[in-house]
Structure formats: C-alpha cells, structure tokens
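1. fold the stuff below for me.
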Amino acid sequence: MNLAPRTSRFDTLVSSVGDHVRAVYVAAFRNLMLPIVRMAMRHGLSHDDLHEALRRSIAECAKDLHPSAATSDSQLAILTGLSRPQAARIRATIDVGAAEELSNLTLIGRLIAGWQRDFSGPYGVPKELPLTPGEHTFPDLVRRIAGRRPPSDVLEELKKVGVVELTKSGRAKLTNRPYITGRLRPESVERMSWVIRDLAETLDYNLNPDREGPARFERRMYTHEPLSGQLLAGFRLLAKDEGQAFLARLDSWLNEQLKEIRKRRRQSGAPYQPLSDLPDAKHVGVGVYWFEKDTLDAEES
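-> This next block holds a predicted model:
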C-alpha cells in the first residue's frame, strides 16, 4: 500500500508558481549578464575568471545576509552551494570585500602607470626607486598617486601581486610582469563597475519586500518607434543637453543647501561636525545615461 502523502492541487500550484518565478529570475539574470560577459570576453576574461568572481560574490552576499556564514565553512557552503574546500578558501579572504579589492587593484594600476610615466630613465625603462623619503623615491611616487597611504603598506600590496620586487641594494623595482591589459584605463573599469552596481542596488532595494521606507526613485523612458537620421541625432543631442542641465541643477541646489548649513553653524557658534558623523548620513546620487538597441532586439513589454 502506498502511504505517501498526497499532493494537493494547491501545493502543486504553489510549486509551479515557485518554479516559474525562479525561471523568470534565472532568465532575467542571464539577460542582465549579457553585456557584462560581452565586455569581459572583449578584454580577455575567461569562464574560470567569471566563475571565480561569481563564487566570491555569492560568498560576500551570504556573509552580509547571514553573518554566521563568515564564521563557519560548513555554514557558508550550505548557504551558497559552494563545496567545502571552495568555501574554506574564499572565507579565508572574505574580509576584503569586492569594493575594497577593486580600489586596491585600481590604485596599483595607477601606481604602475605613474611609475612608468614619471619615474623612467633612458629609453623609458622604469627606475629602481629608493625606499627612503625624498624626490624621485618610492614614497614620492606613493605621495603623488595614493595621497596619504603609508608607503610601506603600498609596497607590501605591490609585492603581494608580484609587480614589484626589492633589489639587493634595497630599492623597489618594477617587474616585467604584465598587470593590466587592454585599452581601458583602470579608472574607467572601476567607474563602469560602480555605475552598474549603483543601478542594480536601487533595483534590488525596490524589489525587496522587506525594505524599510519608500522605493528609491528609478524612472526611464524609451521610444516605442525606432528613430533614425536627423530625428535620432536631434533626440541624442536633446538628451545630452537636458541630462547635463538636470544634473547641474541638482548640484547647484545641493551646494546652496550646504552653504546655508555652514552659515547657520557659524552664526550659532556650534562646533563643527562633519555630516558623515550623523547617524542617518548616506552617500546619494542620481545617474543619467543614454541607451540604444538594434531594432532586431526583443522589444520590452
């Protein structure tokens, strides 16, 4: 006799709805990743590179959503679907988030470019730089590119990624190992990642049923009929001019408000307190961008 519990029509319906929503999410993420993967492939990244980035992203999100994932290999593996060895390897470096890692790597790219540009000898060969303070030394390079970052910390980071080594005389030497390839500057790549992330963060926040507060502003318009010729050129120019003017108005309004706050503080004699010290302080911004699609692309509903 079969004693297995019967599945009700309601359970079947809920299961099918859940599967459908999951399929929609998978298809949406595939659609989202197409331009990102295309850009990655254009600049030499492989499946293994992207797979590793995805694994680390999943682990970092798991740590944020479930703090216990940061303290246990097994918890991280269960929450993410990673294998135990993968979870252990990633958890060992999970304290360095994607934003911090990107900032460090971009800084390294700027340091290498500055070294090759401003600290080169005959025939453009980068000089070996003394570690003691002074003109045309390694601390001088760090001061020009990285501001107040301690030169010793920067040196360790450069040695860690294998682009700098110390000579027998104790000077810093730029190795011949290639670090960043392609025509894009590191700053451009970093900016691209933040533009896409900022938009995705807003969409994620708005889609979160447990969010606190109203949805964040997110609007766009697009032409239902394709444009061409003078009409396309005219609309492109209008969008550029109006978009720039809109952002300028926001910037002017904000500057006036900050001036008024500083004026009132001076008049009251209150001690200076950076806005970043206030408990509800947030970095905010508005992005305006142009997009276009071939007429053969699937139309949006």
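2. and the helices in this structure?
-> Secondary structure of the chain (DSSP state H): helices at 9-42, 47-65, 73-80, 84-91, 98-118, 138-146, 151-160, 186-207, 229-268.
3. what mean pLDDT does the third one have?
-> Put plainly, it is helix 73-80. Per-residue confidence for helix 73-80 averages out to 86 on the pLDDT scale.
4. what's in contact with that helix?
-> Counting by CB atoms under 8 Å, 6 or more residues apart in numbering, the neighbours of helix 73-80 from elsewhere in the structure are 55, 58-59, 62-63, 66, 68-70, 82-84, 86-88, 90-91. Any C-beta I mention is one placed from the backbone N, CA and C, and that applies to glycine too.
5. so which bits of it are buried?
-> For helix 73-80, burial by neighbour count (16 or more other CB atoms under 10 Å) applies to 73, 75-80.
6. now the angle from that helix to helix 47-65?
-> Angle of helix 73-80 versus helix 47-65, following axes from the mean of the first three to the mean of the last three CA atoms, to 10 degrees, is 100 degrees.
7. what does the fourth one give?
-> Calculated by the same axes, to 10 degrees, helix 84-91 forms an angle of 70 degrees with helix 47-65.
8. with the longest one instead?
-> Helix 229-268 runs at 40 degrees relative to helix 47-65, counting by the same axes, to 10 degrees.
9. which other helices and strands contact helix 229-268?
-> In this structure, helix 229-268 makes packing contacts with no helix or strand, judged by 3 or more CB pairs under 8 Å, 6 or more residues apart in numbering; DSSP states H and E.
10. distance between that helix and the chain's centre?
-> Using CA atoms, centre = their mean, to the nearest Å, the distance from the centre of helix 229-268 to the centre of the chain it belongs to is 25 Å.
11. low-scoring stretches of the protein, by residue?
-> 1-17, 96-97, 99, 103-105, 176-187, 296-301 (pLDDT under 70).
12. can you select the buried ones among the contacts of helix 73-80 for me in PyMOL?
-> The buried subset of the contacts of helix 73-80, as determined by 16+ other CB under 10 Å, is captured in PyMOL by this line:
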select buried, resi 55+58+59+62+63+69+70+82+86+87+90+91
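13. quick one on the thing from earlier: could you dump the helices of the chain to a markdown table with distance to residue 222?
-> A markdown table is the format used below for the helices of the chain (distance: least, CB to CB, whole Å):
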| stretch | distance to residue 222 |
| --- | --- |
| helix 9-42 | 16 |
| helix 47-65 | 29 |
| helix 73-80 | 36 |
| helix 84-91 | 39 |
| helix 98-118 | 30 |
| helix 138-146 | 41 |
| helix 151-160 | 43 |
| helix 186-207 | 15 |
| helix 229-268 | 11 |
